[in-house]
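Visitor: Provided below are the primary sequence and the corresponding predicted coordinates.
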Amino acid sequence: MRIRTIALLTLFVLAIGPAVHAANEKTLPLRTDVTLNGQKLTAGFYEISWISHSPEATVTFIRAGRVTVTAMGKWLDRGVKSPGDAFVYTNNPDGSHTLLEIRFAGKRQALVFAPTN
């Protein structure tokens, strides 16, 4: 009986593992070059994953199978659900852009990055 319980529990963990992991990652298109923590993210598709530390999060940007940037973010409630996925960035005077936050479709919370002043 004990072996059967362990086997069922193992199958359950293996079955839900990918679903839980998928909830902490998303692939999004970045349509313009931005900087984050002084590091450049060039336009293109990024797999974005995060590990939440409530409310902080470690956010990793992966492009073409390589980690390009890892940054600390914070989950903030924006009060309304985002209508779509979006990168929010500043338009700097020199024409460059700085990433401020990532919004996710249907979610009230956004991953916000602190500006480095």
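Guide: That came through fine.
Visitor: what's the neighbour count on N92?
Guide: As a burial measure, N92 scores 11 neighbours (other Cβ atoms under 10 Å). Bear in mind the C-beta positions are built from the backbone N, C-alpha and C, glycine included.
Visitor: send the alpha carbons of stretch 29-48 over as CSV?
Guide: Coordinates of each C-alpha in stretch 29-48 appear next as CSV, following Å, rounded to 0.1, in the frame of the first residue of the first chain:
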residue,chain,number,x,y,z
PRO,A,29,8.2,39.7,-28.6
LEU,A,30,10.2,42.8,-27.7
ARG,A,31,9.7,45.2,-30.6
THR,A,32,12.5,47.7,-29.8
ASP,A,33,15.9,47.6,-28.2
VAL,A,34,15.8,48.4,-24.4
THR,A,35,18.2,48.5,-21.5
LEU,A,36,17.6,46.9,-18.2
ASN,A,37,20.2,47.3,-15.4
GLY,A,38,22.6,48.8,-17.9
GLN,A,39,22.4,45.7,-20.1
LYS,A,40,20.9,45.8,-23.6
LEU,A,41,18.0,43.6,-24.8
THR,A,42,17.8,43.8,-28.6
ALA,A,43,14.4,43.5,-30.3
GLY,A,44,13.2,39.9,-30.8
PHE,A,45,11.5,37.1,-29.1
TYR,A,46,12.4,36.4,-25.4
GLU,A,47,11.5,33.5,-23.1
ILE,A,48,10.9,35.3,-19.8
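Visitor: show the average pLDDT along that stretch.
Guide: Confidence over stretch 29-48 (mean pLDDT, whole number) is 96.
Visitor: so for it, what gets flagged as buried?
Guide: L30, V34, T35, L36, L41, Y46, I48 (16 or more other Cβ atoms under 10 Å).
Visitor: tell me which two of the residues you listed sit farthest apart.
Guide: T35 and I48 (15.9 Å; Cβ to Cβ).
Visitor: next one: G73 from G95, what distance?
Guide: Separation of G73 from G95 (Cβ to Cβ, to the nearest Å) stands at 25 Å.
Visitor: re earlier: just give me the closest of the buried residues of stretch 29-48 to R63.
Guide: Y46 (5.2 Å).
Visitor: wait, is that closest one part of a helix?
Guide: No. Assigned with DSSP: H, G, I helix; E, B strand; the rest coil, Y46 falls outside any helix and is strand.
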